[in-house]
Every structure is written in C-alpha cells, then in structure tokens.
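S.K.: after the sequence you'll find the predicted model.
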Amino acid sequence: MVIGLLGLGEVGTAYGLGMVRNGATIKGYDIRFENPKDMPLFDRCKAGGITLAKTPQECIEGCDLIMANTTSHVAVRTAEMAKPFLKPGQIYIDGNSAIPTVKHEIAALLDGCCDFVDGVTMNNPTQLGLKCPVTVSGPMAAKATEILAGYGMTMVNIGDQIGQASALKCIRSVFTKSFISSFMECMIMAHKYGISDPMFESIVSYLTDDPPRETLETIAVTHVLHAWRQGEEVESVSVFEKEEGIDNTMAAAAAKKLYYNGSLGMREKFNDRVAPNMKAVLDEMLKAYLQKKA
C-alpha cells in the first residue's frame, strides 16, 4: 500500500513518520520544496523513510490513498493542484480543518477523478503521533479507515456523508476556541489581583472534581433555569473588567448569550424544573432558535 501526503508540516510529518515505522510506503510533497533553501526543513522526513517527491504528480501517481494536510485556506487550491494527476480508484482525503461547504466544494471538484473522503485531525499529532484521532466521513470513509488504521492511525468513521467530519471539528471549535479565550481572559484578570494561582486551581477543580460527562450534562439540564441569572452575574463581571482596564470581550459575549438563551422561555417550558436530560434541552432550544430567526 502506497500513501501520498500533500503537505509535510507538523501534521503530515507526524503521520508519515509514524506510518513508515509501521510498514507503510509513504511519499510526500510540500509546496516549500520549490525553494531549495527550505529543503533542510525536511531532512527529518527523509531520514525517517518518507520519499520526498519533486512534484505533486510524482507524489500522487502510484498511490492508493492521498491525504492532504495543508491548511483550510488552501484546501481547495491543494485539490485543484492534485486533480490532474488523480485517477479512479484512488482515495483522496482532505484532512484540513475547513468548514463543510469547503469539503463539499472539493468533493464536487474531484467528482469522477477519485473517491473523496472528508477528514479532520481532532487533536495535536505532534504530541500524540498516530494516537491522535482522525475523524472521517463519506461513502469511502470505511475503506480509508481500514487502510490507515492498518498502519496504526487512530481513525474514527462517523458517517457516510461528506461534511459530517468537518462539521464535528468546526462546530466543536465554538467550544474549544471560546474556552481558550475565556480561560485567558479570566487568568489575566486574576493575575492583576494577585490570585492567578488559586484561580488556576479553582478552574482545575471545576473541571475535574466530577467526571466531565456529568459536569457537562449538569450544565445543560440546569441551563433552562439559570441562564438569565448567570447573564446578570457575568454582565457585572464584564463591567468590572472594563473598569480595571482589562479586555472584557468574553465576559460581555457570555452575558449577551446567556440573556439570549434566558429569553427563550425555557424556564416556563420545563415548568421551573431541571430538564430531564440534555437532549430534551437541545431539542427545545433548537426549536426556539429557529422560531426566533423566522
């Protein structure tokens, strides 16, 4: 089995070197090959057994599977570069963290040339190597999973539709990027007051005292009761931060979102009681969101 990698940055290099160690034949191409001064950047790839292809054509021809790990901004351009050299029977995985509409655009672009699979990296492969989960979807996701898992990659096939894998990653980023931003805003404000160490320990405790699954479920089922009050509380914190000269973007945004959710009538919908489960909350809030938009 021959696997081609388009893009030998941190992600492609980590996957390529790991699969070589597990017996795969790996070819790789990176746009930076066009600058001879950049070639020493890829000495580790070459030493680890990845064959450095001089052109995209050389990388793609003869491969059973091609995986593109460039960036979301050039995902379509990468597919356009690859298209002339792709053949029916080959599998092309776009592994970039692009939104579903981009993945659909690539699928349409490559229709008839090869089998397309939507893929996303869900963690940091430079730290986890092949243990880093790669989520895939699409009609040929099962076949791609079989091939790559055979060389030690941690593959998660979540469905047969293009866009499902990328939706999982990009929608999750609403949480992860907001979490990162909120954490830093909180810690900077705490540092100003000389309480960054106890604040850090308090956050760790909040995240770990109970199993995360239970914590998140509790947040959802009690949200129907507490959203408006929580909005009032964090709005006052937002004002406090502004008065102290600290950027209050996340606190202000949290207040706005909590007030919005608190205005949806969920407290009345659930008769002033905690919701029975998270799905019940999501069902009712989604209905309210769509009705409000209409």
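M.R.: Good, I have the coordinates. Numbering: from 1, shown residues only.
S.K.: bridging residues for residue 66?
M.R.: Listed by DSSP bridges, the beta-bridge partners for residue 66 are residue 4, residue 92.
S.K.: sec struct for the residue nearest to residue 168 when sequence neighbours are not counted, please.
M.R.: Once flanking residues are discounted, residue 168 sits nearest to residue 135: 5.8 Å by C-beta to C-beta, 6 or more residues apart in numbering. (Each C-beta comes from the backbone N, C-alpha and C, glycine too.) Put simply, residue 135 is strand when judged by DSSP: H, G, I helix; E, B strand; the rest coil.
S.K.: show me the contacts for residue 135.
M.R.: Contacts for residue 135 were tallied using C-beta atoms under 8 Å, 6 or more residues apart in numbering; they are 119, 120, 122, 156, 157, 158, 165, 168, 169.
S.K.: burial measure for residue 81, as a count.
M.R.: Other residues near residue 81 come to 19 when the count uses other C-beta atoms under 10 Å.
S.K.: so which helix or strand takes in it?
M.R.: Counting by DSSP states H and E, the secondary-structure element that holds residue 81 is helix 75-82.
S.K.: how about that helix: buried residues?
M.R.: 75, 76, 78, 79, 81, 82 (16 or more other C-beta atoms under 10 Å).
S.K.: likewise for stretch 54-67?
M.R.: For stretch 54-67, a neighbour-count test (16+ other C-beta under 10 Å) marks 56, 59, 60, 61, 63, 65, 66, 67 as buried.
S.K.: using PDB, write out every CA atom in that stretch.
M.R.: Once side chains and other backbone atoms are set aside, the C-alpha atoms of stretch 54-67 remain, and they are given as PDB (Å, rounded to 0.1, in the frame of the first residue of the first chain):
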ATOM      1  CA  LYS A  54       9.800  16.600  -6.600                       C
ATOM      2  CA  THR A  55       6.300  17.400  -7.900                       C
ATOM      3  CA  PRO A  56       2.700  16.800  -6.900                       C
ATOM      4  CA  GLN A  57       2.400  14.400  -9.900                       C
ATOM      5  CA  GLU A  58       5.300  12.300  -8.600                       C
ATOM      6  CA  CYS A  59       3.700  12.200  -5.200                       C
ATOM      7  CA  ILE A  60       0.300  11.200  -6.400                       C
ATOM      8  CA  GLU A  61       1.000   8.700  -9.100                       C
ATOM      9  CA  GLY A  62       1.000   5.100  -7.900                       C
ATOM     10  CA  CYS A  63      -0.600   5.900  -4.600                       C
ATOM     11  CA  ASP A  64      -3.600   4.000  -3.200                       C
ATOM     12  CA  LEU A  65      -4.500   6.900  -0.900                       C
ATOM     13  CA  ILE A  66      -3.600  10.600  -0.800                       C
ATOM     14  CA  MET A  67      -4.000  12.700   2.300                       C
END
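S.K.: pull the distance from that stretch to the chain's centre.
M.R.: For stretch 54-67, the distance from its own C-alpha centre to the chain's C-alpha centre is 26 Å (C-alpha atoms, centre = their mean, to the nearest Å).
S.K.: again with stretch 175-182
M.R.: 13 Å.
S.K.: quick one: mean pLDDT over it.
M.R.: Throughout stretch 175-182, pLDDT has a mean value of 97.
S.K.: buried set for it?
M.R.: Applying a neighbour-count criterion of 16+ other C-beta under 10 Å, one finds residue 182 buried in stretch 175-182.
S.K.: for the chain, what's the longest helix?
M.R.: Secondary structure of the chain read by DSSP state H shows that its longest helix is helix 212-243.
S.K.: what sits up against the next helix or strand after that helix?
M.R.: Following the chain from helix 212-243 toward its C-terminal end, the next helix or strand by DSSP H and E is helix 249-262. By C-beta under 8 Å, 6+ apart, the residues outside helix 249-262 that reach it are 178, 181-182, 185-186, 223, 227-232, 234-235, 237-238, 241, 285.
S.K.: same thing but at 7 Å, please
M.R.: By C-beta atoms under 7 Å, 6 or more residues apart in numbering, the surrounding residues in contact with helix 249-262 are 181-182, 185, 223, 227-228, 230-231, 234-235, 237-238, 241.
S.K.: can I get the CA coordinates of the strand or helix carrying residue 147 in CSV?
M.R.: Remark: residue 147 resides in helix 141-149, with elements defined by DSSP H and E. Presented in CSV, the C-alpha positions along helix 141-149 are these (Å, rounded to 0.1, in the frame of the first residue of the first chain):
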residue,chain,number,x,y,z
ALA,A,141,-14.7,6.6,4.8
ALA,A,142,-14.8,3.0,5.9
LYS,A,143,-12.2,2.0,3.3
ALA,A,144,-10.0,4.9,4.2
THR,A,145,-10.3,3.9,7.9
GLU,A,146,-9.3,0.3,7.1
ILE,A,147,-6.2,1.4,5.2
LEU,A,148,-4.9,4.0,7.7
ALA,A,149,-5.8,2.0,10.8
